[in-house]
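K.L.:
Give me coordinates for this.
(one chain, ligands or ions: 2)
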Amino acid sequence: MRFATIIRADDHSEAIKQKIMTTLVEGGWEYDEHRPDFVISIGGDGTMLQAFQQYNYQLHHVKFIAVHTGSLGFYTDWTVEELDDLLTAMLAKHYTTVGFPVLEIMMDGGCGACSYLALNELTISDPAKTLKIDVKIDGEHFETFRGTGLCISTPSGSTGYNKSLGGAVIHPRVEAFQMTEIASINNKVYRTIGSPLVFYKKQYIDLDIQYSNSVTVTYDHLVHDCLAVATIRCRLHRHKAQFARFKKRPFWERVNNSFIE
Ligand code: NAP
Ligand code: MN
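P.N.:
Ligands and ions are numbered 1, 2, ... in the order given. Here you go, the predicted structure:
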């Protein structure tokens, strides 16, 4: 088996990486950052987003494992205390895989066409001036949005920015994506639905930017580096992000542990 690691830049995560490297290599695994079977993220949920962004061109092949070295997260399954159990299970190949839906983002505008994948969400916003966006669902006009911005999130991203915006928490087995508003203006001229919308997997939405001063587009923790975006199409990607599961850790238990108890 081939593996690669992505770590948060701190001494603790580096030490955990060394332990994982030593154990797996002694067990006959090979470190290969170009074509790994397993990508091990060591850090927090943000580190897992980095791992996803680095390896999302190999989604059909790669399986992610996330170890946390900070507070308990959503993608991170394993604590440092459980590391020996994880390494034993990895060497024994005792795992199942679970796939999380991924958002596909296609953009066009002043700097040409480009596309991204997101594990958490896309956001489009302008903090200084209001954006005006025509929102189409499956090619049909739905509403004209005016306000700070919009967030389009995956189910696994629904506990991130989406939740802060009042979006629903969606189980990652549900093949859907949702759109939430960031401070919409509602008056006699502009009217938006005002509530989060959930789309099923065959649907797509188009965001046609009618007016903006300088739009900021983010995907996961990254910022698209062009201010002249004109249109954005979002839908679910044909591949999911595959996570190797070595033990049960139900989603609603994570939600409870993170937000309630
Ligand atoms: P960050 O500023 O460190 O992340 C903000 C927090 O969100 C961190 O506590 C992070 O966990 C957590 N997080 C990331 N993905 C999550 C998920 N799917 N469910 C629940 N919590 C999640 O930046 P980052 O670590 O690079 O993460 C980027 C993400 O931050 C974005 O994708 C977005 O979801 C989120 N964000 C939230 C807001 C907001 O709520 N107002 C604003 C901007 C961005 P770790 O500490 O374990 O990394
Ligand atoms: Mn973080």
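
K.L.:
Would you mind listing what in the chain touches ligand 2?
P.N.:
Contacts of the chain with ligand 2, taken as CB under 5 Å from the ion, map to Gly44, Gly46. (Each C-beta comes from the backbone N, C-alpha and C, glycine too.)

K.L.:
Tell me the residues on the chain that lie near ligand 1, please.
P.N.:
Neighbours of ligand 1 within the chain, by CB under 6 Å from any ligand atom: 44-46, 49, 70, 73-74, 120-121, 156-157, 159-161, 164, 220-221.

K.L.:
Which members of those are classed as buried?
P.N.:
Neighbour counting by 16 or more other CB atoms under 10 Å classes 44-46, 49, 73-74, 120-121, 156-157, 159-161, 220-221 among those as buried.

K.L.:
Spatially, which two of those are the most separated?
P.N.:
Gly44 and Glu121 (16.7 Å; CB to CB).

K.L.:
of all of this structure, which residue lies closest to ligand 2?
P.N.:
Going by CB to the ion, ligand 2 is nearest to Gly46 of the chain, at 2.8 Å.

K.L.:
With adjacent residues omitted, what lies nearest to that residue?
P.N.:
His221 (5.8 Å; CB to CB, 6 or more residues apart in numbering).

K.L.:
how about that neighbour, phi and psi?
P.N.:
Dihedral pair for His221: phi -90, psi 0, per degrees, to the nearest 10.

K.L.:
Hmm, it is touching Gln50, no?
P.N.:
Yes - with contacts counted by CB atoms under 8 Å, His221 reaches Gln50, the gap being 7.1 Å.

K.L.:
Show me what the helix or strand hosting the residue of the chain closest to ligand 2 is packed against.
P.N.:
For Gly46, the host element (DSSP states H and E) is helix 45-55. Applying 3 or more CB pairs under 8 Å, 6 or more residues apart in numbering; DSSP states H and E, we find helix 45-55 packed against strand 2-7, strand 38-43, strand 63-68.

K.L.:
and it with strand 38-43, angle?
P.N.:
Between helix 45-55 and strand 38-43, the angle comes out at 150 degrees (axes from the mean of the first three to the mean of the last three CA atoms, to 10 degrees).

K.L.:
follow-up on the earlier one: tell me the spacing between the residue of the chain closest to ligand 2 and Leu59.
P.N.:
19 Å (CB to CB, to the nearest Å).

K.L.:
With Lys248 instead?
P.N.:
The gap separating Lys248 from Leu59 is 24 Å, by CB to CB.

K.L.:
try Glu121
P.N.:
Using CB to CB, Glu121 is found at 17 Å from Leu59.

K.L.:
Skipping adjacent residues, who's closest to the residue in the stretch 51-200 of the chain positioned nearest to ligand 1 in space?
P.N.:
Proximity of the stretch 51-200 of the chain to ligand 1 (CB to the nearest ligand atom) peaks at Gly160, 2.6 Å away. Spatially, and ignoring its direct neighbours in sequence, Gly160 is nearest to Asn120 (4.9 Å; CB to CB, 6+ apart).
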